[in-house]
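Undergrad: Predicted model, plus sequence, below.
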Amino acid sequence: MKSLTICMAVLLCSLAAPVFAAGGTTTCTGPLQGVTIPNNLYVPAGATCTLNWVEVIGNVTVDGSLVSFDGKFDSNVTVTGTISLINGYDYRKIQGNLTISNSSGQSGIYCPNTSNVINGNITVTGLNNGGSFYICSATVGGGVSLTDNAGTIDISFMTIGKNLSCSGNDPAPTSWALVNQNNAQITAQQKTGQCSAF
């Protein structure tokens, strides 16, 4: 009986703390918590990957749905499905670029208690009708490009290191903060196209 109890405890511990091999790609189709993924992360179409306090060392590719609470991404994040980033008190970031393209779903970077940080660029292009992108509070080291989208885009409270460029979007991007507070509170070296008034 004692040996059975020990075996059960070992099994539960191994389930609670998955081991990831360096190199290659980790496929995520469910929840992960408090781990470091030392390689690339892939979320296949039709799957939902939920990360709680997870760091991903490699690149992230999302064809399904990725939901991250206080996640840290050390490389690039590329999304054709959907992504929701929700940060709390921890200061977490995307070290590389965030690219969302040809998505039909709802993606968002939501207002945190501390600013979301994307060290690279944000590019949103080819959102399909019914798709959306929402960002509330972020510091972006590079530029933000919103081009040729048929979905809805709403951006507010951003500090952008380079340019904010918006063109070919129908409908044009909007800003919740601009509508409600007369100031989108977005700073950038230049604001061009449909976002020039932001």
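TA: Now that the structure is in, tell me what you want to look at.

Undergrad: Tally up the residues packed near the closest residue to residue 135 other than its chain neighbours, please.
TA: Beyond its immediate neighbours in the sequence, the residue positioned closest to residue 135 (C-beta to C-beta, 6 or more residues apart in numbering) is residue 109, lying 4.4 Å away. (Glycine included, C-beta is placed from N, CA and C.) Other residues near residue 109 come to 24 when the count uses other C-beta atoms under 10 Å.

Undergrad: and the gap between residue 109 and residue 158?
TA: As defined by C-beta to C-beta, to the nearest Å, residue 109 lies at a distance of 10 Å from residue 158.

Undergrad: sorry, back to before: was I right to think the residue nearest to residue 135 contacts residue 139?
TA: No. Assessed by C-beta atoms under 8 Å, residue 109 is found out of contact with residue 139, at 11.0 Å.

Undergrad: so what sits against both of the two?
TA: residue 116 (C-beta atoms under 8 Å, 6 or more residues apart in numbering).

Undergrad: Now the common contact residues for residue 109 and residue 158.
TA: Common neighbours of residue 109 and residue 158 (C-beta under 8 Å, 6+ apart) are 135, 137-138.

Undergrad: Need those residues in a markdown table (columns: pLDDT, neighbour count and distance to residue 119).
TA: Output for the shared contacts of residue 109 and residue 158, formatted as a markdown table (pLDDT from 0 to 100; neighbours: other C-beta atoms under 10 Å; distance: C-beta to C-beta, whole Å):
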| residue | pLDDT | neighbour count | distance to residue 119 |
| --- | --- | --- | --- |
| 135 | 91 | 27 | 15 |
| 137 | 85 | 19 | 16 |
| 138 | 88 | 27 | 11 |
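
Undergrad: Going by residue numbers, what spans are helices in this structure?
TA: Ranges of helices in the chain, per DSSP state H, are 2-16, 176-181.

Undergrad: List the buried residues in the shortest one.
TA: So that's helix 176-181. Neighbour-count burial for helix 176-181 flags 177-178 (criterion: 16 or more other C-beta atoms under 10 Å).

Undergrad: which other helices and strands contact that helix?
TA: Packing partners of helix 176-181 (3 or more C-beta pairs under 8 Å, 6 or more residues apart in numbering; DSSP states H and E): strand 152-160.

Undergrad: that older thread, tell me who's in contact with the residue nearest to residue 135.
TA: Residue 109 sits in contact with 85, 116, 134-138, where contact means C-beta under 8 Å, 6+ apart.

Undergrad: One more pass at 10 Å, please.
TA: 68, 83-87, 94, 98, 116, 118, 122, 133-138, 155, 158 (C-beta atoms under 10 Å, 6 or more residues apart in numbering).

Undergrad: Next: residue 180.
TA: Contacts for residue 180 (C-beta under 10 Å, 6+ apart) come out as residue 156.

Undergrad: how near is it to residue 174?
TA: Taking C-beta to C-beta as the measure, residue 180 falls 11 Å from residue 174.
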